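Visitor: sequence first, then the predicted structure:
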Amino acid sequence: MKKHSKRLPEGLRFGPLFDEAEVEMVSEVVRSGRLTQFSSSLVTEFEDAFAAYVEAPAAIAVNSGTAALHTALAAAGIGLGDEVIVPAFTFIGTVGPILQQQAVPVFTDIDPQTFCISVEDAARKITPKTKAILAVDMFGHPADLDPLRELAAEHSLVLIEDACQAHGAKYKGARVGNLADLTCFSFYESKNMTTGEGGMITTGNERLAQLCRMIRHQGEENWGIIKRLGFNYRMPALQAALGVVQIKKLDKFNEMRRERAAIYTKALSDLDLQLPGENPDVWSVFHVYSFLLPRRLAERRDEIVQHLREERVPVGVAYPRPLYASPVFAHLEGPFECPVTEDVCSRVITLPTLQSIPVEIAETIGEITRDVISEYME
Ligand SMILES: Cc1ncc(COP(=O)(O)O)c(C=O)c1O
């Protein structure tokens, strides 16, 4: 193995960026003994701040992004046998809730540049059983929401947006959050803003907002009146305490993610790679930095990733295979016909853009990544 001029420190691990403000807020909650949505006002405070930030009339806090998606699907009336158009290139948290509702995910291909759902393939896969389109803002880049909204309207479908990686991302000047019928966010530890675990649904539809509130709390309409089957997806006050502080820092965090992405682009731009970009009408928040090797190196991708890890580069693969290749979807009948997804899965490599990564470390990650990949280009 060639040695590189720079070395990354051993055992690199990057988490969220907190300061005394989060510590004080959380301590206050602990001291108060008011730990829940019902006993503390912090959950409502966080919902109001988040709704204002994304300019949506309503925000409903829950305890994960997956819970947000499940609640949104249930509120949209997705149930037994309903088909939901969803990209094959995403995290299981997008699609698991469709199965939880006993509905059918219809795996759809992606755009080769943005890795978001292909509107053309979505249109092709609509059937009389289709009830919703669930689009994902992949790696922080919003899906092409205008044509998706048109398609949904034309076929009377609900449009749900999985913005779990895209807090603060903009589409045609507007932040995602009120551009679909329901938009879902995650506040998992690695997200652009975090509450440890947590989620949020935003919507401009008051009826759907009321349903989401009911579903997150046991399906209860009024004390003792259980209107429908719901869940306990409530966000704890400790999480909301982190959220009210983190939302104020989100713009800064997104700029920091973009700065780290720009560092990687600068380091890798001379190589024959497909680097992530932005559509002209989009402001991506680069939740991670996923790039593609040339096709001739697809078979060596795992070897290259291993090599990068040996050089201590905190590298990942998002995502290594189309979701339909997982056993949990074995009951679905193929062929799934997602050639772009298959191609992207075979040659994608992912670098972290976390705001806690110091700029000098990001530069070293970029340089070592370039040096390692160059060896395979020769
Ligand atoms: C695209 C996408 N959808 C859904 C989820 C699920 O969110 P959570 O992990 O908060 O349940 C995540 C994040 O992990 C995600 O990245």
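Guide: Okay, I see it. Residues are numbered from 1 along each chain as shown.
Visitor: how about the closest residue to Ile133 other than its chain neighbours, phi and psi?
Guide: Spatial nearest neighbour of Ile133, excluding adjacent residues (CB to CB, 6 or more residues apart in numbering): Ile85 at 4.5 Å. In this view, the C-beta of every residue, glycine as well, is placed from N, C-alpha and C. For Ile85, the backbone dihedrals (degrees, to the nearest 10) come out as phi -80, psi 130.
Visitor: what is the least confident helix or strand in this structure?
Guide: Ranked by mean pLDDT, DSSP states H and E, the weakest helix or strand in the chain is strand 220-222, scoring a mean of 93.
Visitor: please name the strands paired to the next helix or strand after it in the sheet, noting orientation.
Guide: As assigned by DSSP states H and E, the chain's next helix or strand after strand 220-222 is strand 225-226. Paired with strand 225-226 in the same sheet, following DSSP bridges, are strand 220-222 (antiparallel).
Visitor: give me the contact list for the least confident helix or strand of the chain.
Guide: Contacts to strand 220-222, defined as CB atoms under 8 Å, 6 or more residues apart in numbering, come from residues Met214, Ile226, Lys227, Gly230.
Visitor: quick one: the helices in the chain?
Guide: 20-32, 42-54, 65-75, 92-100, 119-124, 145-154, 206-216, 237-268, 301-310, 339-347, 359-377 (DSSP state H).
Visitor: residues touching the residue nearest to Ile133, list them.
Guide: Neighbours of Ile85 in contact, by CB under 8 Å, 6+ apart: Val106, Thr108, Ile117, Ala122, Lys125, Ile126, Thr130, Ala132, Ile133, Leu134, Leu157.
Visitor: which of these sits closest to the ligand?
Guide: Among the contacts of Ile85, Leu134 lies closest to the ligand (CB to the nearest ligand atom), at 9.6 Å.
Visitor: what pLDDT does the model give the closest one?
Guide: In the predicted model, Leu134 carries a pLDDT score of 99.
Visitor: just the one 3 residues further on next, same as before
Guide: The predicted local distance difference test score for Asp137 is 99.
Visitor: quick one: the closest residue to it other than its chain neighbours from Arg175, how far?
Guide: Spatial nearest neighbour of Asp137, excluding adjacent residues (CB to CB, 6+ apart): Ala166 at 3.5 Å. Distance of Ala166 to Arg175, given as CB to CB, to the nearest Å: 9 Å.
Visitor: pick out whichever of the two has more residues nearby.
Guide: Taking other CB atoms under 10 Å, Ala166 and Arg175 do not tie; Ala166 has more neighbours (32 against 23).
Visitor: show the pLDDT at that one.
Guide: Listed pLDDT for Ala166 reads 98.
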